[in-house]
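Novice: Quick check, what structure comes out for this input:
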Amino acid sequence: MSYKLLHSRLYQFLRSFTTMAIAKGRPPALTNPTLVKIINQFYKFASIEADSIKHFPGYDDRNFYFRGVPTDSKKEAEFVLKMFNSLHSSHDVVVGISEIWTHIASKGFTYSSCLRNWEKKAVTFVPKSLCEEANVSGSTETYAVRILYFVSGELFDSIDKQYLTPKLMREAGTFLGQLDAALKDGFHNTAIGQRKNVDWDLSHLLHMRIHLPAMDNLSRRAMVEKIVNDFESFVQPKMPSFSRGVLHGDANGMNLIVKENESDEYQIAGLIDFDDTVLSCHVFEIAIFLAYIMIENLNPIDYPSPVEFVCTVLQGYLQVFPLSKDEINCLYYLVLGRCCQSAVLGEIAYKAEPWNSYLLTTPEKAYKLMEILLAMGKENVDMIWVKAC
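Specialist: The predicted structure is shown next:
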């Protein structure tokens, strides 16, 4: 067998293996009747409005919005049901996430309260066999399920760009810094501390190398490889000195809730979806947030580039949660690292579910941001951000 043929077959195997690994634990795409059946089996509802059910797109889990009347309250309310990826359905971790809500509530943060099941527990473990689309009778695998009361307001990413004022951007950064400070102040959970979210924790960015064979675009693959190599050379040696703690882990404009105040200005109302929470380096939190805000604002109004656009976010964060010189110096590499994760994992997830076009929306913009940042260079980006600090 020729070298080229052997290489081609190995590449196809690795590509297939990587795609299957991403999709392996993802819950099945439930139909509305199946979802209603699961809800009624484990929760007390007088009625569920089946026509209200909407599927919220996601990478790893399944998220559904619905309206219903809980038996206890006898009043219609809005809910979000999350069915976790089976690989993330550890009982201790899911319960640990609930303990985060309790802790931040004691610090004055608003969070989405949880609807208890028949056993008055916050988390339900649904057998895979109940998900008829899975077609796995006899399986012992389970998916963790949680139902939360829907948080009213608008998503940060959904409001008109004209309302993304320096004041609101600074407030967003301040809010995130206050959240990290609150979690740093007295919160500890063993399960979360031991959690290994290899794909999404920036600590494990080198893991992206495993996914390189699944990338069809060679120029993009080379770009990702450079970013991962730079992380290994310039960030990893400094990580032992970085401040560590429990992070939200996925702060972005689709998780940040805003509301209009009496002056018709938007203000930050809360942050949802703590399901990627992990014990890691604090600087990763703001790096992730900066990456996603820039991804959604590649051509911001009245700013030369997305780098200048997020300066007030960084200012707001650092005012309440200062970072060391080394941590700030690594922001450039960390933002690029999150872009890599979002782009590569999104593409792989799409190959597992080619009908789900949502999975490609962020990757395309993430690649564009990588190109912008690499073209500007670290020195120029640092000059803008350090000046803002």
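
Novice: Can you tell me the closest non-neighbouring residue to the most centrally placed residue in the chain?
Specialist: Closest residue to the average C-alpha location of the chain: Asp250 at 3.4 Å, with Cα atoms, centre = their mean. Excluding the flanking residues, the one nearest Asp250 by Cβ to Cβ, 6 or more residues apart in numbering is Asp276, at 4.1 Å. Every C-beta, even on glycine, is put in place using the N, C-alpha and C of the backbone.

Novice: That neighbour contacts Trp200, doesn't it?
Specialist: Yes. Assessed by Cβ atoms under 8 Å, Asp276 is found in contact with Trp200 at 5.5 Å.

Novice: any common contacting residues for those two?
Specialist: Gly249, Asp250 (Cβ atoms under 8 Å, 6 or more residues apart in numbering).

Novice: can you pull the contacts of the residue nearest to Phe289 when sequence neighbours are not counted?
Specialist: Spatially, and ignoring its direct neighbours in sequence, Phe289 is nearest to Ala251 (4.2 Å; Cβ to Cβ, 6+ apart). Ala251 makes contact with Leu176, Leu271, Glu285, Ile288, Phe289, Tyr292, according to Cβ under 8 Å, 6+ apart.

Novice: can I assume Asp273 sits in a strand?
Specialist: No. Per DSSP: H, G, I helix; E, B strand; the rest coil, Asp273 lies outside any strand segment and is coil.

Novice: what's it in contact with, if anything?
Specialist: Asp250, Asn255.

Novice: before we move on, what about Ile372?
Specialist: Contacts of Ile372 by Cβ under 8 Å, 6+ apart are Leu298, Ser305, Pro306, Val307.

Novice: C-terminal to the lengthiest strand in the chain, what's the next element?
Specialist: In the chain, with assignment by DSSP state E, the single longest strand is strand 45-56. Proceeding N to C from strand 45-56, the next assigned helix or strand is strand 62-70, under DSSP states H and E.

Novice: Low-confidence ranges, the stretch 101-250 of the chain, go.
Specialist: 132-140, 197-198 (pLDDT under 70).

Novice: Now do the strands in it.
Specialist: Ranges of strands in the stretch 101-250 of the chain, per DSSP state E, counting those that start in this stretch, are 114-115, 124-127, 142-149, 154-155, 244-247.

Novice: quick one on the thing from earlier: filter the contacts of Ile372 down to just the buried residues.
Specialist: For these, a burial check counting by 16 or more other Cβ atoms under 10 Å picks out Ser305, Pro306, Val307.

Novice: just checking, the first one touches Ala375?
Specialist: So the one you mean is Ser305. No. At 9.7 Å, Ser305 does not count as touching Ala375 under the criterion of Cβ under 8 Å.

Novice: before we move on, back to that, OK, contacts around the residue nearest to the centre of the chain?
Specialist: Here Asp250 is in contact with Trp200, Asp273, Asp275, Asp276, Ile288 (Cβ under 8 Å, 6+ apart).

Novice: so where do the helices sit in the stretch 151-300 of the chain?
Specialist: For the stretch 151-300 of the chain, helices defined by DSSP state H, counting those that start in this stretch occupy the ranges 166-184, 190-193, 218-234, 282-295.

Novice: count of neighbours near the residue lying closest to Glu260 once chain neighbours are set aside?
Specialist: By the measure of Cβ to Cβ, 6+ apart, the closest residue to Glu260 outside its immediate chain neighbours is Tyr266, 5.8 Å from it. By other Cβ atoms under 10 Å, 22 other residues sit near Tyr266.
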